[in-house]
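> Got a sequence here, can you build the structure:
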Amino acid sequence: MPLVPTGARGRGKPRILIGVDSGLILLVFLAFLFAWLLNRVRRFFRLSPVAYGGVMIVFVVVMLLIWGQQHG
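Residues are numbered from 1 along each chain as shown. Down below sits the predicted model:
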């Protein structure tokens, strides 16, 4: 699958054929924000790294399920 449309021959601006959903970008940003906040809470409550990882995995799964509900 070519990344440049057929017949472009290098002239003009290249088109990006892969679109990224802005909602998915927002979810990634929220995941990083949540991870930062959870790290602060983890220090306060002294959670183990396993508990921290478990909470992050649950958060990612829930966010993907919410995103899938809107786009499925």
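
> What ranges in this protein fall below the confidence cut-off?
Counting by pLDDT under 70, the low-confidence segments of the chain come to 1-20, 72.

> From the centroid of it, which residue is nearest?
By Cα atoms, centre = their mean, the mean C-alpha position of the chain lies nearest to V28, the distance being 3.0 Å.

> in the one helix or strand that one maps to, what's buried?
Element membership of V28, judged by DSSP states H and E, is helix 22-45. By neighbour count, with 16 or more other Cβ atoms under 10 Å as the criterion, the buried positions of helix 22-45 are L27, R42. Bear in mind the C-beta positions are built from the backbone N, C-alpha and C, glycine included.

> ok now that helix, how far from the chain's centre?
Here helix 22-45 is found 11 Å from its chain centre; the criterion is Cα atoms, centre = their mean, to the nearest Å.

> what's the answer for stretch 62-72, then?
The gap between the average C-alpha position of stretch 62-72 and the chain average comes to 12 Å, counting by Cα atoms, centre = their mean.

> Based on its surroundings, how many neighbours for L65?
L65 sits with 10 neighbouring residues when counted by other Cβ atoms under 10 Å.

> quick one: it and L27, what's the gap?
Using Cβ to Cβ, to the nearest Å, we find L65 at a distance of 11 Å from L27.

> isn't W67 right up against L26?
No: counting by Cβ atoms under 8 Å, L26 is not a contact partner of W67; they are 9.3 Å apart.

> And the contacts of stretch 61-71?
Counting by Cβ atoms under 8 Å, 6 or more residues apart in numbering, the neighbours of stretch 61-71 from elsewhere in the structure are D21, G23, L24, L27, L30, A31.

> May I see the buried residues of it?
Buried residues in stretch 61-71, counted by 16+ other Cβ under 10 Å: M63.

> and it, how far from the chain's centre?
Using Cα atoms, centre = their mean, the mean C-alpha position of stretch 61-71 is found 11 Å from that of the whole chain.

> Fine by me, thanks again.
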